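A.B. asks: my questions are about this predicted structure, shown below with the sequence.
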Amino acid sequence: MDASLYRDSRNLNSITFGDLIDRYTEEIGAIRPFGRNKAAVLKNLAAALGTVPLSSLNAERLNKYVDERRAGGAGGVTVGIDLTYIGGVLKTASAIWKMPVDQAAASDARARLAHLGISTKSRERARRPTREEIERLCQHFAAKGSRQRVPMPDVIQFAIATAMRLGEIINLKWADLNQADRTITIRDRKHPREKVGNDQEVPLLGEAFKIVMRQPQNGVRIFPITEGTVSTIFPRACKKLNIEDLTFHDLRHEGVSRLFEQGYSIEQVALVSGHRDWKMLARYTQIKAKDLHRDQPEVAPPKDTTA
């Protein structure tokens with residue numbers, strides 16, 4: 001108290017975690033708009049923990065929440081995301097609004113998960129579609145003809161050629177296409193910190209430019225489809241064709257891998273894929289020990305000089 005470091009936590013009895021999320025959304029969200037996933041998680045947290053007073057939001061209460069989530073079927077990765085956002089809200093309350101909240105509650109709950117052997121880190125996927133699987137998928141959608149309004153064969157091939165995310169593909173606009181340079185600008189591309197204004201011009205390599213130019217120019221967007229539609233019909237087609245464990249996002253993995261196989265450097269691939277951290281691209285190179293062998297020229301045996 002003499003050092004002015006004491007914080008009376010009794011004033012937190014009248015403030016709920018829901019109140020804190022509302023303030024966090026209003027003030028922090030106005031500065032750095034939340035992505036769809038973060039907004040959804042915060043909404044769910046408000047529903048589950050919104051009535052809990054901040055004075056009671058400690059590691060013990062979060063452990064109870066974690067157990068309830070796991071009992072409901074949530075995996076370690078999902079619970080880990082929840083704890084990350086809870087920790088972010090509490091950190092903001094402590095550092096910016098000077099509230100005496102238990103900032104360590106989320107990290108303590110995460111430590112308990114680690115002690116129980118529950119991993120909160122997602123596994124890196126290495127699934128790549130085979131060329132046969134891609135052909136079968138394209139033929140499946142092409143066979144539907146006019147009944148299939150979504151140009152899925154073009155969308156699939158475009159996703160591989162550009163290594164774009166589905167959300168990026170469906171938001172491409174004709175106004176952002178540079179036909180002379182065969183490039184296009186991706187607006188508000190995914191970034192770990194910048195949610196708005198992170199625009200990036202990327203090349204349309206291989207068949208990508210041709211795919212764009214054969215789309216009907218009937219509106220603002222090049223592919224006037226919804227993410228939900230693609231996310232529904234793609235796995236449905238995979239199931240019908242008995243293609244196991246393949247997601248649409250795996251097409252991005254395939255695209256990045258092909259760029260490396262075509263000999264592009266890591267900085268060139270990063271320009272196409274939008275990766276800010278080049279270390280993240282290491283898993284796409286998929287270098288195998290057997291690939292390091294090189295044909296060596298035969299060395300002639302030394303001449304016999306004893307004669």
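C.D. replies: It's in.

A.B. asks: just the element for the closest residue to residue 207 other than its chain neighbours, please.
C.D. replies: Spatial nearest neighbour of residue 207, excluding adjacent residues (C-beta to C-beta, 6 or more residues apart in numbering): residue 161 at 5.3 Å. Where C-beta positions appear, they are placed from N, C-alpha and C, glycine not excepted. Element membership for residue 161, per DSSP states H and E: helix 152-162.

A.B. asks: in CSV, list the C-alpha atoms belonging to that helix.
C.D. replies: The C-alpha trace of helix 152-162 is given here as CSV (Å, rounded to 0.1, in the frame of the first residue of the first chain):
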residue,chain,number,x,y,z
MET,A,152,-16.3,-26.0,-58.8
PRO,A,153,-13.8,-27.5,-61.4
ASP,A,154,-12.5,-24.0,-62.0
VAL,A,155,-12.5,-23.2,-58.2
ILE,A,156,-10.6,-26.3,-57.4
GLN,A,157,-7.9,-25.7,-60.1
PHE,A,158,-7.7,-22.0,-59.2
ALA,A,159,-7.2,-22.9,-55.5
ILE,A,160,-4.2,-25.1,-56.4
ALA,A,161,-2.7,-22.7,-59.0
THR,A,162,-2.8,-19.7,-56.6
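
A.B. asks: if you count contacts, what does that helix end up packed against?
C.D. replies: Helices and strands touching helix 152-162, by 3 or more C-beta pairs under 8 Å, 6 or more residues apart in numbering; DSSP states H and E, are helix 131-142, helix 166-170, helix 208-213, helix 227-240, helix 250-261.

A.B. asks: how far is the first one from where the chain is centred?
C.D. replies: Put plainly, it is helix 131-142. In terms of C-alpha atoms, centre = their mean, to the nearest Å, the gap separating the centre of helix 131-142 from the centre of its chain is 25 Å.

A.B. asks: what residues sit buried inside it?
C.D. replies: Residues of helix 131-142 classed as buried under the neighbour-count rule (16 or more other C-beta atoms under 10 Å) are 133-134, 136-138, 140-141.

A.B. asks: now do the shortest one
C.D. replies: Counting neighbours by 16+ other C-beta under 10 Å, one finds that the buried residues in helix 166-170 are 166, 168-170.

A.B. asks: dump those to a markdown table, plus pLDDT and distance to residue 73.
C.D. replies: As requested, the buried residues of helix 166-170 are arranged in a markdown table below (pLDDT from 0 to 100; distance: C-beta to C-beta, whole Å):
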| residue | pLDDT | distance to residue 73 |
| --- | --- | --- |
| 166 | 93 | 25 |
| 168 | 93 | 30 |
| 169 | 95 | 31 |
| 170 | 93 | 30 |
